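**Q** Take this sequence and fold it.
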Amino acid sequence: MAEWKDPEIAALRAQLAAVIPPEGAPERSWAEQRLMIDGIGAISPLPEGVAVEAVRLGGVAAEHISLAAGRAEDAILYLHGGGYCIGGSGSHRGLASRLALAAGAEAWVLDYRLAPEHPFPAAVDDALAAYRALLDQGQDPGRLVIAGDSAGGGLTVATYLAAKGAGLPPPAALYVISPWANLAQTGGSYEAKAAADPLLTREGLDRFAEAYLAGKTDPATPLASPLKGDLSGLPPILIQVGGEEILLSDSTALAEAAAVTGADVTLRVWPEMIHIWPFFPLAAGVRAIDEAARWIRSRITTA
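**A** Coordinates of the predicted model:
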């Protein structure tokens, strides 16, 4: 058994082992998996100082997170993770609220349509519609950040690509946590971290990709796998990834692909951390969100 320096990570791993079906167990339905991720998200309560309201953004269901301190000029469009098949505002309002509060920004958590009921490009279409709606409402793109985790991290970059293709101005910055940026599941960490990752497997990601792509879309399609897209003109991007997850190589490859275009790239690999660790009630997650909030404020200030 590995020895972990972080005092909380071993306990979290034990908790996850108790709720995640072992290899060979019957596969849970999408409905069961959606209930599970909502339940895990509910473990972390909303922080004091925020209010949540159900809204529609560009015709898409969302939750608006406002600050008790008053209306903020800065805004975050948050795109949740869940392999494009599970998750939503119910699972991610806590994470998005902590980020909004730390950054001093309002946030919108988008309930983009999920696969397999709504395969690619539904999630991209919804995210682009929400981004366009924020701009139409008068939101200054220089004070707007798109953020997301896991599949939502990949969707964050895909939304930039879609906005660029639509001739819309770019956001001030992108912030992604453990982004799933290549739906073909290639990269050295898929093997190197297979035994260490308590949440993800290549086979599991293949199932999510199959549901999202519906057997019709090439995984190399840029809006599905933004690592394959033209990242020229990319705004500043912060990539945070755990050192013990199979998506580590997605992050390092995304950082390299963005850097070669001349983008302002910050890659932070957090030792011992697992996939989307800020989603969980960990001190390391709090530190990661605080780091991201400082980075966001610095990039918005200089946008």
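**Q** Please count neighbours and contacts with C-alpha atoms only from this point.
**A** OK.
**Q** need the contact list for the residue lying closest to Gly233 once chain neighbours are set aside.
**A** The shortest distance from Gly233 to any residue that is not its chain neighbour, by C-alpha to C-alpha, 6 or more residues apart in numbering, is 7.1 Å, and that residue is Ala263. Neighbour list for Ala263: Ser232, Gly233, Leu234, Pro235, Pro236, Ile237 [criterion: C-alpha atoms under 8 Å, 6 or more residues apart in numbering].
**Q** filter those to the buried ones?
**A** Those of the contacts of Ala263 that meet the buried threshold are Leu234, Pro235, Pro236, Ile237, by 16 or more other C-alpha atoms under 10 Å.
**Q** Please list all residues in contact with the closest residue to the second one other than its chain neighbours.
**A** Distance criterion C-alpha to C-alpha, 6+ apart; nearest residue to Pro235, sequence neighbours excluded, is Ala173 at 5.2 Å. Under the criterion of C-alpha under 8 Å, 6+ apart, the contact list for Ala173 reads Leu144, Val145, Ile146, Pro235, Pro236, Ile237, Ile296, Arg299, Ile300.
**Q** Quick check: phi and psi at Ala173.
**A** Backbone torsions of Ala173, given as degrees, to the nearest 10, read phi -160, psi 170.
**Q** Make residue 1 into 16 and carry on from there
**A** Yep, numbering from 16; the last one is Ala188 now.
**Q** What's opposite it in the beta bridge?
**A** Val160 (DSSP bridges).
**Q** Now, the buried ones among the contacts of Ala278 that are in strands?
**A** The subset of the buried ones among the contacts of Ala278 located in strands under the criterion DSSP state E comprises Ile252.
**Q** now the helices for this protein?
**A** With DSSP state H as the criterion, the chain has helices at 24-34, 45-56, 104-118, 137-151, 166-180, 204-207, 217-228, 263-274, 298-317.
**Q** Least confident of those helices, on average?
**A** Taking each of the helices of the chain in turn, the lowest mean pLDDT turns up on helix 24-34, with a mean of 91.
**Q** what separates Lys243 from Lys208, distance-wise?
**A** 23 Å (C-alpha to C-alpha, to the nearest Å).
**Q** Counting neighbours, go ahead and name the busier of the two.
**A** When Lys243 and Lys208 are compared on other C-alpha atoms under 10 Å, the one with more neighbours turns out to be Lys208, at 19 against 16.
**Q** if I pick the more buried one, what's in contact with it?
**A** By C-alpha under 8 Å, 6+ apart, the contact list for Lys208 reads Glu259, Glu260, Ile261.
**Q** right, and out of those residues, which lies closest to Ala69?
**A** Checking the contacts of Lys208 against Ala69 with C-alpha to C-alpha, the nearest one is Glu260 at 33.2 Å.
**Q** What pLDDT is listed against that closest one?
**A** With respect to pLDDT, Glu260 scores 98.
**Q** Contact partners for it?
**A** Remark: with contacts taken as C-alpha under 8 Å, 6+ apart, Glu260 is in contact with Ser204, Lys208, Ala209, Ala211, Asp212, Leu215, Met288, Ile289, His290.
**Q** wait, what's in contact with the first one?
**A** Okay, so that is Ser204. Shown in contact with Ser204 (C-alpha under 8 Å, 6+ apart): Glu260, Ile261, Leu262, Leu263, Ser264.
**Q** how near is the last one to Gly202?
**A** In other words, Ser264. With C-alpha to C-alpha as the criterion, Ser264 and Gly202 are 5 Å apart.
**Q** then stretch 21-38 to CSV, C-alphas only?
**A** Coordinates of the C-alpha atoms in stretch 21-38 are reproduced here as CSV (Å, rounded to 0.1, in the frame of the first residue of the first chain):
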residue,chain,number,x,y,z
ASP,A,21,-1.2,14.3,2.6
PRO,A,22,-3.1,13.3,5.8
GLU,A,23,-6.5,13.3,4.0
ILE,A,24,-5.9,11.5,0.8
ALA,A,25,-5.7,8.0,2.2
ALA,A,26,-9.1,8.5,4.0
LEU,A,27,-10.7,9.7,0.8
ARG,A,28,-9.4,6.8,-1.1
ALA,A,29,-10.9,4.4,1.5
GLN,A,30,-14.2,6.2,1.2
LEU,A,31,-14.2,6.0,-2.6
ALA,A,32,-13.4,2.3,-2.5
ALA,A,33,-16.5,1.7,-0.4
VAL,A,34,-18.9,3.3,-2.9
ILE,A,35,-17.3,2.6,-6.3
PRO,A,36,-18.3,-0.9,-7.7
PRO,A,37,-15.3,-3.3,-7.9
GLU,A,38,-14.0,-4.5,-11.2
